[in-house]
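Chemist: okay, predicted coordinates and the sequence, questions at the end:
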Amino acid sequence: MFKKLALMTTILLTSLFMGAQAILAAGGGAAEDAAHAEPSGLITGALTALSIVTLAFMIFLSFRDNG
């Protein structure tokens, strides 16, 4: 049950942030050049948070399996 909930939450948050990134990058003119020049804070923050959560979960699994 927990695995399904975690997977659904991850998919939902990822799709939410990817959708927000697409909307924010849909500007025109110079704003479009700026959007492609460097990554958005929103997507960078989302990927950082997912990385930290993944590492914490892997550490948890390592401790649980190795007692």
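Modeler: Good, I have the coordinates.
Chemist: residue 12 is in what secondary structure piece?
Modeler: In this structure, residue 12 sits in helix 2-24 according to DSSP states H and E.
Chemist: could you give the average pLDDT over that helix?
Modeler: Averaging pLDDT along helix 2-24 gives 74.
Chemist: mind checking the longest helix of this structure?
Modeler: helix 41-66 (DSSP state H).
Chemist: give the buried residues for it.
Modeler: For helix 41-66, the buried set under the neighbour-count rule, 16 or more other C-beta atoms under 10 Å, comprises 43, 46. Quick note: C-beta positions are derived from backbone N, CA and C, even for glycine.
Chemist: counting contacts, what elements does that helix pack onto?
Modeler: Helices and strands touching helix 41-66, by 3 or more C-beta pairs under 8 Å, 6 or more residues apart in numbering; DSSP states H and E, are helix 2-24.
Chemist: just to revisit the earlier point, I'd like the average pLDDT over the longest helix of the chain.
Modeler: 84.
Chemist: surely residue 10 meets residue 49?
Modeler: No: if you go by C-beta atoms under 8 Å, residue 10 and residue 49 don't touch, sitting 10.8 Å apart.
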